[in-house]
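Peer 1: Quick one: sequence plus predicted model below, questions after.
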Amino acid sequence: MSQEPNPPRLARHARRRRPWMAALVALPALAGAAPHADVVIWGGLVYTGGKEPAFATDVVITGDTIRYVGPSAAKMYSASMVIDARGKIVAPGFIDAHTHPDTYVRSPDARERLNAPWLYQGVTTLLVGVDGAGTPDVALERAAFERAKIGTNLVPYVGFAAVRERVLGEADRAPTDAELRQMKALVAKGMCEGAIGLSTGLFYPPQSFAKTDEVIALAREAAKRGGIYDTHQRDESSYSIGLLNSVREVLDIGREAGLPVHIAHIKALGVDVHGEAPRVIRMIDTARANGEDVTADEYPWTASGSSLEAALLPRAAFDGGRPALLKRLADPEQRAAIRVAMLENLRRRGGAESLLLTAAGSPWVGKTLAKLAAEWQVEPVDAALKVIAETEGQDAVASFNMIEDDVKAFMKQDWVVTSSDGSDGHPRQFATFPEKYVKYVKGAGVIGVDEFIRGSTGRTADMFRLPRRGYLKAGYYADLVIIDPEHYAPKADYVHPRELSTGVVDVWVNGQQVIELGRLTGRAPGRVLLHTPRPGSCAAPARRAS
């Protein structure tokens, strides 16, 4: 990880913890009238996370809670810490709607578990277990995170992949009635232990082997307990059923199972579907007009993060897992058939120049597949097969497969929020929120600052039903960020994806300051935020983490 950025010189001198300021604010207490607060933030440009315009005012924190938002806080409260936020943005901590932070939150290194890549973007809450990866053992996972201590809040899903693999392994077949009952019981278990809903990654094997009816049956278990359905949909391109049919499947699942649906990192991926964003938007707008609860998230990058396996290999090649895949690749006849399918997948991805290899520590990191193939004097698909067959986990790529018009069209919708899909090797893990701010707010003007912040805070909290999060309101949890709007910017790029963003001056998570003057404090106050199941839907309802 890169070194923590130094805060701007002006910020270092203009606002700090100052005992003399705290004493001044404490003067009214001499008369016995002023209650005590831990922190008073005064004079900042406050975005509450709601629809109202920003306004200059004060914010007061006591314990893990926002005590007051309004004028003249310095006259109303004594305080242990006073922060001059004039010229800065004060906002709720950002909520990242789709993340992959395992490298950090599961690290044996306590400093890694602070989750710095997200904190330096202003993110205080992450939705995890996405793409079907969330364990049904939510209670055990929550206990493990609480013992280890983490820097940000986490909101867990129960995942279709985790459930299906536990019962069926990696086989390409439908479950028996008995196996389906086992899978439904695992989803119910995860929901009753506090998962927010069911997540799927139907593009990825073995989830891609499931028929729609199987997914609906499991989604109903989430619906019974007040959960949502979140999906990396079956096809964002033209791999199988096509983008538009895939969106129809998402809507069918929500309608048949009776629960809200959320489309993860919505996009039109690949040359065959470029320009299809308006048609997707019309489909979703029609469903919403008919009373269906449909939302989505999006990251502000034209390159997705994937692997050579996921991007190029046909799904049937994965039946039985990696050992079976390697056997197929060793058989000349099967390898030839796989190679033909790969050529078509490479075409739809935009060709070998569009795949940038990003696996850290690999000898090909920073090279396109085209360049690697030229160095090895082989065809691009053969270079990809060599990487896939001879290494495991070293085939990560940034796949340049989207166009700006589609990205901008989705970004403008009031049912879309920001996500990073942050995974190792892609700059989105370190830089998504400032990238969106610099490129699409300050630069292109696609959306305004108010929409950027609302789509990172209050709207996200509303979509995922996160109580007392996402807003700067009295009584809400004190997840806050102070941003220097002149210096808030990404530093990571596709060649250097692990550079911390700049411009975040202060961050609080659950009332504890985790970044002060641009530096980590070392505190790890993050919590696992549990969903409360619908009354009567579980034998012993999970208690929400506060």
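Peer 2: Okay, I see it.

Peer 1: Give me the distance between the two termini of stretch 489-500.
Peer 2: For stretch 489-500, the first and last residues are 10 Å from each other (CA to CA, to the nearest Å).

Peer 1: So what touches it?
Peer 2: 1-5, 116-117, 120, 303, 356, 358, 360, 366, 398, 425-427, 429-431, 434-435, 437-438, 501-503 (CB atoms under 8 Å, 6 or more residues apart in numbering). Quick note: C-beta positions are derived from backbone N, CA and C, even for glycine.

Peer 1: 7 Å - rerun?
Peer 2: Outside stretch 489-500, the residues that touch it by CB atoms under 7 Å, 6 or more residues apart in numbering are 1-2, 4-5, 116-117, 120, 303, 356, 358, 366, 398, 425-427, 429-431, 434-435, 438, 501-503.

Peer 1: out of those, which are buried?
Peer 2: When those are checked for burial by 16 or more other CB atoms under 10 Å, the buried set is 5, 116-117, 120, 303, 356, 358, 398, 425-427, 429-431, 434-435, 438, 501-503.

Peer 1: rewinding a little: so which of the contacts of stretch 489-500 belong to helices?
Peer 2: Using DSSP state H, the members of the contacts of stretch 489-500 that fall within helices are 116-117, 429-431, 434-435.

Peer 1: Using a markdown table, please lay out those together with pLDDT.
Peer 2: Below are the ones in helices among the contacts of stretch 489-500 laid out as a markdown table (pLDDT from 0 to 100):
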| residue | pLDDT |
| --- | --- |
| Ala116 | 98 |
| Pro117 | 98 |
| Gln429 | 97 |
| Phe430 | 98 |
| Ala431 | 98 |
| Pro434 | 98 |
| Glu435 | 98 |
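
Peer 1: Where does Gly50 sit: helix, strand or coil?
Peer 2: coil (DSSP: H, G, I helix; E, B strand; the rest coil).

Peer 1: That one and Tyr477, how far apart?
Peer 2: Here Gly50 is placed at a distance of 16 Å from Tyr477 (CB to CB, to the nearest Å).

Peer 1: who's more crowded, these two?
Peer 2: Tyr477 (27 against 18; other CB atoms under 10 Å).

Peer 1: Spit out the contact partners of that one.
Peer 2: Per CB under 7 Å, 6+ apart, neighbours of Tyr477: 64-65, 468-469, 510.

Peer 1: Now with 8 Å, please.
Peer 2: 64-66, 468-469, 510-511.

Peer 1: quick one: which of these sit in strands?
Peer 2: Taking DSSP state E, the ones among those that sit in strands are 65-66.

Peer 1: Closest to Asp131 out of the contacts of Tyr477?
Peer 2: Arg469 (22.6 Å; CB to CB).

Peer 1: which one is the closest one nearest to, not counting chain neighbours?
Peer 2: Ala461 (4.7 Å; CB to CB, 6 or more residues apart in numbering).

Peer 1: Could you do Ile228 as well?
Peer 2: Nearest to Ile228 is Gly197, by CB to CB, 6+ apart, at 3.7 Å.

Peer 1: same question, Asp319
Peer 2: Excluding the flanking residues, the one nearest Asp319 by CB to CB, 6+ apart is Asp172, at 3.9 Å.

Peer 1: show me the contacts for the one you found.
Peer 2: Contact partners of Asp172, counting by CB under 8 Å, 6+ apart, are 205-206, 209, 316, 318-320.

Peer 1: Would you report the backbone torsion angles of it?
Peer 2: Main-chain dihedrals, Asp172, degrees, to the nearest 10: phi -90, psi 80.

Peer 1: try the one 4 residues further on
Peer 2: Note on Thr176: backbone dihedrals following degrees, to the nearest 10 are phi -70, psi 170.

Peer 1: From Arg527, how far off is it?
Peer 2: Counting by CB to CB - Thr176 and Arg527 are separated by 39 Å.

Peer 1: Give me the more crowded residue out of those two.
Peer 2: Set side by side, Thr176 and Arg527 show more neighbours around Arg527, with 20 against 11, by other CB under 10 Å.

Peer 1: right, and that one touches Asn510 too?
Peer 2: Yes: Arg527 is within contact range of Asn510, at 6.2 Å (criterion: CB atoms under 8 Å).

Peer 1: what sits in contact with each of the two?
Peer 2: Here Arg527 and Asn510 share the contacting residues Asn153, scored by CB under 8 Å, 6+ apart.

Peer 1: Could you count how many residues lie near Gly361?
Peer 2: Using other CB under 10 Å, Gly361 is surrounded by 6 other residues.

Peer 1: what's the helix or strand for it?
Peer 2: Using DSSP states H and E, Gly361 maps to neither a helix nor a strand.

Peer 1: Does Val387 belong to a helix, a strand or coil?
Peer 2: Per three-state DSSP, Val387 ends up helix.

Peer 1: Quick check: the gap between it and Leu357.
Peer 2: Counting by CB to CB, the gap from Val387 to Leu357 is 8 Å.

Peer 1: likewise Asp131?
Peer 2: Using CB to CB, Asp131 is found at 21 Å from Leu357.

Peer 1: what do you get for Leu385?
Peer 2: Counting by CB to CB, the gap from Leu385 to Leu357 is 14 Å.

Peer 1: Tell me which of those two has more neighbours.
Peer 2: Using other CB under 10 Å, the more surrounded residue of Leu385 and Leu357 is Leu357, with 25 against 20.
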